[in-house]
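Enquirer: got a predicted structure plus its sequence, pasted below:
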Amino acid sequence: MSPFNPSTANKLARTLKALHIPGHPVVFTNIWDAPSASLALSQPKTKALATASYAVAAVNGLNDEDLTLEANLACISKIAARIAKEERADSIPLSVDLQDGYGNRLPEAVEAIIDLGAVGINLEDSKSVNGKMELITAEEHVQRIGQVLQIAAKKGVPDFVINARTDAIVLGGTIEDAIERGKKYLEARATTVFVWGGSARGLRDVEVE
């Protein structure tokens, strides 16, 4: 695997950020292990790669909510090594699903994935409490977004990309709740906001409009 280079990393972060064009959403090629990364890299239209925690957990025989930071990092490490082996580490940005940031291990997690070559993350505004998913406050998630960006900047990646996911709707809130949260996350300098409606409910056309 290639050694971490802040200049290269921030160049990739800017490339990833530039793919996010309002009205023309970027289509990521989702990957979950080294072979899927190779397959994605073989496609000429692949502009960026992104992991999905559900898939990463599945290939490790786990439920999504049981995916540990260690298991996630082990998978990311193998993916990054494969990207380097394919000689694409300097040209294809990698974003990773960091779930809820693993509580107070968020700084450790962010530093680790940047060292491995990731230049973006998906970060959720919910956490598991006694086996049940609950929303954290918007203010806490804003603080976490700022923390991630501060850590990335210190690592030499000031253009690090954050896709701030809100679970407001899937956890019983309204589209208005999700929009209010999303605006706060964007003000905190998240690159994008992802409104998760759940695999069963999804989002209705009128809500998207």
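Expert: In hand now; what should we look at? Residues are numbered from 1 along each chain as shown.

Enquirer: show the model's pLDDT score for residue 209.
Expert: The model reports residue 209 with a pLDDT of 52.

Enquirer: repeat for residue 66
Expert: 92.

Enquirer: and what of residue 119?
Expert: Note on residue 119: pLDDT of 98.

Enquirer: which parts of stretch 165-175 are buried?
Expert: The neighbour-count check on stretch 165-175 (16 or more other C-beta atoms under 10 Å) flags 165, 166, 167, 168, 169, 170, 171, 175 as buried. For every residue, glycine as well, the C-beta is placed using N, CA and C.

Enquirer: what stretches of the protein score poorly on pLDDT?
Expert: 1-2, 197-209 (pLDDT under 70).

Enquirer: so where do the helices sit in it?
Expert: Listed in chain order, the helices of the chain (DSSP state H) span 6-18, 34-41, 53-59, 69-85, 106-116, 138-154, 175-187, 205-208.

Enquirer: any idea how far the fifth one is from the chain center?
Expert: Yep, that's helix 106-116 we're talking about. Here helix 106-116 is found 12 Å from its chain centre; the criterion is C-alpha atoms, centre = their mean, to the nearest Å.

Enquirer: buried stuff in it?
Expert: 106, 109, 110, 112, 113, 114, 115, 116.

Enquirer: what residues are up against the fourth one?
Expert: By C-beta atoms under 8 Å, 6 or more residues apart in numbering, the residues touching residue 112 are residue 73.

Enquirer: cool, the last one as well?
Expert: Each residue near residue 116 by C-beta under 8 Å, 6+ apart is listed here: 1, 73, 76, 77, 80.

Enquirer: ranking by neighbours, what's the top pick from these?
Expert: Among the contacts of residue 116, the one with the most neighbours (other C-beta atoms under 10 Å) is residue 80, at 23 neighbours.

Enquirer: and that residue, how far is that from residue 126?
Expert: Computed as C-beta to C-beta, to the nearest Å, the residue 80 to residue 126 distance reads 27 Å.

Enquirer: okay, the buried residues of stretch 165-175 in CSV with distance to residue 15 next?
Expert: Below are the buried residues of stretch 165-175 laid out as CSV (distance: C-beta to C-beta, whole Å):
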residue, distance to residue 15
165, 22
166, 26
167, 28
168, 30
169, 31
170, 31
171, 33
175, 32
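
Enquirer: quick one: contacts for residue 168?
Expert: Residue 168 makes contacts with 125, 135, 174, 177, 178, 181, 195, as judged by C-beta under 8 Å, 6+ apart.

Enquirer: typo on my end, it should be residue 65
Expert: Neighbours of residue 65 in contact, by C-beta under 8 Å, 6+ apart: 128, 133.

Enquirer: what is the residue lying closest to residue 167 once chain neighbours are set aside paired to in the beta sheet?
Expert: Of all residues not flanking residue 167 in the chain, residue 126 sits nearest, at 4.1 Å (C-beta to C-beta, 6 or more residues apart in numbering). Assessed by DSSP bridges, residue 126 has beta-bridge partners residue 135.

Enquirer: and the contacts of residue 116, which two are the farthest apart?
Expert: 1 and 73 (12.8 Å; C-beta to C-beta).
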